[in-house]
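> Predicted model and sequence below, questions to follow.
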Amino acid sequence: MIVVQKYGGSSVSTTEKIRNVARRIAETAKHSQVVTVISAMGDTTDDLIAIAKELSTMPDGRELDKLLATGEQAASALLTMALHTQGIPAVSLTGGQAGIITEKVATKARILKIDPRRLREELNSGKVAVIAGFQGITDNASWADITTLGRGGSDTTAVALAAALRADKCEIYTDVDGVFTTDPRIEPNARKLESISYEEMLEMAGQGARVIHSRAVDLGELYNVQILVANSANTTQGTLIKEEDPSMEVRNPVRGIAHDADVARLTLVSVPDRPGIAYQVFHALAQDNINVDIIVQNVSQAGLTDVSFTVALPDLEKAKRTLESVVKEIGARELITDQNVAKVSVIGSGIRSHPGYAAKMFGALSSEGINILGIATSEIRITCLIDQDYVKEAVRALHKAFQLEKA
């Protein structure tokens, strides 16, 4: 049996926590072959980014990848040492050494393929393989560059390796007990879910739930890898992410409330209202690998309109730089930005077959005096853009309105 386990940065933030993780891995290794994917210790990644930005406001992507990859490499080596101390044969490997090949995109690379031969050799020799998460290399030639997979990349590493190895289990260990109906730090009545479908978890993760990265869920669904999310500090049963089953039909159509305050709104003011303008704007952003979400275009007046959209907050400066030339090309008056916004989302596969949930969401927000700045939907999600100052009130009101405290 092959088990892939991933441990987040908070689970290995101190030497004592690293020892605890080593003990958990040792127990698993008694009856299974174990591949462990490790994140950087604590706030190491944030600290490295802060140092880089002291030296450069816009660090070169290739050099930033090389810098940030060291955090996971250090953590994997330290965990391997802890396993050796407990008498467990183990070897630490970088993402490249583990056979992870990515596209040539700095800071947000996607995995192209995995060559698992080295991993299988290490496992068959009786060793635990400890992999530095969040990273890979551009190819297997001697001049290959190190790449990183973006925030949450260690989750993606774990699921990708589980798929490549056809592992029997993929377990994501973090500092929470599983997936909750919403953030329990905001809503004390939030309830832990025993299971959730890939589709619902993908929407939850994509709209701000930090428990697992959306790309990891996407890979899990694509390769049918069931993913357990659990707490590394205890033995509480976590949440299983899997295919939707018929029993889910009888549950609450809404499964969770997600929120995301790490967003920014950009508005192109007085844009000429003619064909091709939207393409010029969003094609330029796509070329620079900037994802956009909620898009709102005002009614045209005198042949001019305003176009607003949201991006992830870390992409704001890059988006502004990308759009500098576009603003001139299309003849817009100006580009303005707003960082005091947030998204709140109602998510559940039952929404597609139950009418009235949009109205219920809008009513709950209205009852709290919360203005809606923009709306985006999918088959199983309704997202509203609101003032960031009202996020907590919005989450609590929606959780109560949809009675998510009830099983």
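Received it, and whenever you're ready, just let me know what you need.

> only C-alpha atoms for contact and neighbour calcs from this point on.
OK.

> Pick out the residue nearest the middle of the chain.
His213 (2.7 Å; CA atoms, centre = their mean).

> How about the contacts made by that residue?
151-153, 155-156, 205-206 (CA atoms under 8 Å, 6 or more residues apart in numbering).

> go on, Leu161?
4, 114, 116.

> Report the buried residues of the longest helix anywhere in the chain.
Determined from DSSP state H, the single longest helix within the chain is helix 61-85. Buried positions in helix 61-85, judged by neighbour count with 16 or more other CA atoms under 10 Å: 62, 64-83.

> What does the nearest residue to Ile114 once chain neighbours are set aside show for phi and psi?
Among residues not flanking Ile114 along the chain, Ile100 sits closest, at 4.7 Å (CA to CA, 6 or more residues apart in numbering). Here is the backbone geometry of Ile100 (degrees, to the nearest 10): phi -90, psi 110.

> wait, isn't Ile100 in contact with Ala109?
No: Ile100 is beyond contact range of Ala109, at 11.1 Å (criterion: CA atoms under 8 Å).

> thinking again about what came up before, what packs against the longest helix of the chain?
Counting contacts by 3 or more CA pairs under 8 Å, 6 or more residues apart in numbering; DSSP states H and E, helix 61-85 packs against helix 15-29, strand 33-38, helix 44-55, strand 90-93, strand 128-132, strand 146-148.

> mind running it again at 6 Å?
strand 90-93, strand 128-132, strand 146-148 (3 or more CA pairs under 6 Å, 6 or more residues apart in numbering; DSSP states H and E).

> May I see these arranged in TSV, with mean pLDDT as well?
As requested, these are arranged in TSV below (pLDDT from 0 to 100):
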stretch	mean pLDDT
strand 90-93	98
strand 128-132	98
strand 146-148	95
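
> low-confidence ranges in the stretch 151-300 of the chain?
246-251 (pLDDT under 70).

> The same query, at a cut-off of 50, please.
249-250 (pLDDT under 50).

> Tell me which of the contacts of Leu161 fall in helices.
Using DSSP H, none of the contacts of Leu161 sit in helices.

> tell me which of the residues you listed is nearest to Ile347?
Val4 (28.5 Å; CA to CA).

> so the closest one touches Ile172, yeah?
No: at 8.5 Å, Val4 does not count as touching Ile172 under the criterion of CA atoms under 6 Å.

> follow-up on the earlier one: centre of the chain to the longest helix of the chain, how far?
Distance, stretch centre to chain centre, for helix 61-85: 20 Å (CA atoms, centre = their mean, to the nearest Å).
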